[in-house]
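> What follows is a protein structure lacking sequence information:
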């Protein structure tokens, strides 16, 4: 229950703070840059306690299943994919990013990972949550890590709705050409899978980071699924 309350506090302030009426009021009061700073501060002030609550109640509740070797291997494969997707999302300029909003420089079309989904960072967090749900069977673990999956989807939908309502034409055009759900735009024929557009440096950095995190995971967080 503590983990759920902490999740609701983080998600509620994060999504509520970016809702149209609250966001517009704060921007009028402190400016766009001030709003971004305040928004980031609140995010850290609620996310750090969420992590603290989880790690002080790790593996709480009933075990829903027993993760075998195959499931643990699947979890590691999903985590590798999460690293790759997150890195590609960070390395590929997006019309939906804070940087684009601050500078007014909006990319003219979808590239690389954005052809798969216009919310690659949300997808990366969702994959992170899924991987850890597969490796950690207890109810408390599922509330914490499953929260990443739910939040990633809700946050993406919320951002899309705000973008269509208040964003510039470049944002709405980007939304029309891409999909929220992975591979939706490709299957619909709006986009194609352009692997050559993926950032090669980000790809190798993400693989290297996965190897390092995997090697030290047990010392820092405990065994993956332990």
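Thanks, I have the structure now. None of these values were measured; they are calculated from a predicted model.
> mind checking which helix or strand of the chain has the lowest mean pLDDT?
helix 98-103 (a mean of 76; mean pLDDT, DSSP states H and E).
> Tell me which stretches of this protein form helices.
When assigned using DSSP state H, the helices of the chain occupy the ranges 2-17, 20-55, 69-91, 98-103, 120-135, 139-166, 169-177, 184-187, 200-220.
> Quick check, residue 197 in contact with residue 109.
No - the pair formed by residue 197 and residue 109 falls short of the contact definition of C-beta atoms under 8 Å, at 10.3 Å. (Glycine included, C-beta is placed from N, CA and C.)
> pLDDT score assigned to the residue nearest the centre of the chain?
By C-alpha atoms, centre = their mean, the mean C-alpha position of the chain lies nearest to residue 122, the distance being 2.8 Å. If you check residue 122, the pLDDT there is 97.
> Quick check: it touching residue 157?
No - using C-beta under 8 Å, residue 122 is not in contact with residue 157; the gap is 9.6 Å.
> which ones are touching residue 65?
Neighbour list for residue 65: residue 137 [criterion: C-beta atoms under 8 Å, 6 or more residues apart in numbering].
> how close does the nearest residue in space to residue 163 that is not next to it in sequence get to residue 120?
When the adjacent residues along the chain are set aside, residue 163 lies closest to residue 171, with 4.6 Å between them (C-beta to C-beta, 6 or more residues apart in numbering). Applying C-beta to C-beta, to the nearest Å, the value for residue 171 to residue 120 is 16 Å.
> Could you check how far residue 157 is from residue 34?
With distances defined as C-beta to C-beta, the gap from residue 157 to residue 34 amounts to 27 Å.
> wait, what's in contact with the residue lying closest to residue 179 once chain neighbours are set aside?
Counting by C-beta to C-beta, 6+ apart, residue 185 is the residue found nearest to residue 179 once chain neighbours are left out, at 3.9 Å. Taking C-beta under 8 Å, 6+ apart as the definition of contact, the neighbours of residue 185 are 110, 115, 116, 177, 178, 179, 191.
> Tell me if I'm right that the fourth one and residue 190 touch.
It refers to residue 177. Yes - the pair formed by residue 177 and residue 190 meets the contact definition of C-beta under 8 Å, at 5.9 Å.
> measure the residue nearest to the centre of the chain to residue 26 for me?
Note on residue 122: its distance to residue 26, by C-beta to C-beta, is 23 Å.
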